[in-house]
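Novice: Provided below are the primary sequence and the corresponding predicted coordinates.
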Amino acid sequence: FLMITLFAPITFRIRTQNVLDINSIIKNQPQVKYNIMVLMLCTSNYDHICSLGANYVYKWCQLHNYHFKMYRQKLNDQLHVNFSKFEMVKKAMIDHPDMDYFVLVDADIVFTTYDLSVETLIHNYSDSPDAKVFAPLDMGIGNIFIPYISFGCYGTSLNVGFMIWRHDSLDILEKYLQVT
């Protein structure tokens, strides 16, 4: 059973089904609760979109008792803004060692439900709940295999619009930043 695939705007899909049944998710919430920080990068040129996305994410964080942090400028001028998001996750990992997980979300995110928790995604819809990184996939061409990362399904391309990083995944993040 594989982790869900998320698209922007977000729809929830599983490889064996067309659309995720939210009612079954709510009934099967895991008992574990993690200390989670949700991160969003919103540069000024994207404010017209960020204002809505940040609002959605903030409400979701309040509901699940997650921490929310929005960065207003990219942290690495050497990288395209899409890759600069990973510098943001790296900085948060270093600055907040008390967190269990860091969730990176794009500013154009739209929630179809607020009931789905990060804990549920990790424990109920991942092929490897002990993975260091949970990376959803877009439909595309090619296969990707990276050790310690849980993917939505194979034969697709990586989507970095919603990623879950475990607190001890800094090594993967730094390796990724070296090759970008």
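Specialist: Happy to help now that I have it. Residues are numbered from 1 along each chain as shown.

Novice: quick one, helices of the protein?
Specialist: 22-27, 47-64, 81-95, 118-124, 170-179 (DSSP state H).

Novice: From residue 168, how far out is residue 58?
Specialist: Remark: distance between residue 58 and residue 168 (C-beta to C-beta, to the nearest Å) = 27 Å. The C-beta positions use only the backbone N, C-alpha and C, and glycine is treated the same way.

Novice: Neighbour count for those two, which is higher?
Specialist: residue 58 (15 against 11; other C-beta atoms under 10 Å).

Novice: pLDDT weak spots in this protein?
Specialist: For the chain, applying pLDDT under 70 flags the ranges 1-30, 80-81, 137-159.

Novice: switch the cut-off to 50
Specialist: Applying pLDDT under 50 to the chain picks out residues 1-20, 141-156.

Novice: For stretch 85-97, list the C-alpha coordinates in PDB.
Specialist: Output of stretch 85-97 as PDB, limited to C-alpha atoms (Å, rounded to 0.1, in the frame of the first residue of the first chain):
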ATOM      1  CA  LYS A  85      12.400  26.000  -0.400                       C
ATOM      2  CA  PHE A  86      14.800  23.300   0.700                       C
ATOM      3  CA  GLU A  87      17.100  25.800   2.300                       C
ATOM      4  CA  MET A  88      14.000  26.900   4.300                       C
ATOM      5  CA  VAL A  89      13.500  23.400   5.600                       C
ATOM      6  CA  LYS A  90      17.200  23.000   6.400                       C
ATOM      7  CA  LYS A  91      17.100  26.300   8.400                       C
ATOM      8  CA  ALA A  92      14.000  25.200  10.300                       C
ATOM      9  CA  MET A  93      15.600  21.800  11.200                       C
ATOM     10  CA  ILE A  94      18.600  23.500  12.600                       C
ATOM     11  CA  ASP A  95      16.600  26.200  14.400                       C
ATOM     12  CA  HIS A  96      13.900  23.900  15.800                       C
ATOM     13  CA  PRO A  97      15.500  20.600  16.900                       C
END
